[in-house]
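Student: give me the fold of what follows.
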Amino acid sequence: MQKVAKEVAEVEFNRFIESMDIDVSVENMTEEDKKSFEGQKSKIITAIENGSMTINDNGEPSYTTQRGKESVTITFYEPTGATLMAMDNKKKTEDVGKMYSAMADMTKTSTKTFANMQMADLKVCMAVATLFLA
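Tutor: Numbering: from 1, shown residues only. Presented below is the predicted three-dimensional model:
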């Protein structure tokens, strides 16, 4: 159910991108990167439209899970060097673990938050994290 108009959701997405200084210059992207970016953007805009994601006054996205036993609201804060260091604790082959560690650092939660999350919610969180880390 759409709670926010698509145009408003796009404005909010752009405010997030600008506030967090995320480079989304599609003219500099490969075709594969463009496709990936459009997918992430679409997931986030859809979450804003359905009301599960908001962008706070600092431009930080807050997401409220839609599946699972209880609803949890998670705010994604601007990553720091510690976010990248959190990924260093994992082996080269532990890509999912690296992503969860980075997301846990960005959200000031734990990796368990994401390990226990339903896939539909996890995809939205991963879209935000991927934009931050790109």
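
Student: remind me, longest helix of this protein?
Tutor: Counting residues, the longest helix found in the chain (DSSP state H) is helix 31-49.

Student: tell me which other helices or strands that one touches.
Tutor: For helix 31-49, the packing partners by 3 or more C-beta pairs under 8 Å, 6 or more residues apart in numbering; DSSP states H and E come out as helix 6-19, strand 53-55, helix 119-133. The way it works is simple: take the backbone N, C-alpha and C, and place the C-beta from them, glycine included.

Student: between helix 6-19 and the longest one, find me the angle.
Tutor: To tie it back to what came earlier, the one meant is helix 119-133. Per axes from the mean of the first three to the mean of the last three C-alpha atoms, to 10 degrees, the angle that helix 119-133 makes with helix 6-19 is 40 degrees.

Student: tilt between helix 119-133 and helix 31-49?
Tutor: Using the same axes, to 10 degrees: helix 119-133 against helix 31-49 is 120 degrees.

Student: helix 119-133: how far from the chain's middle?
Tutor: 4 Å (C-alpha atoms, centre = their mean, to the nearest Å).
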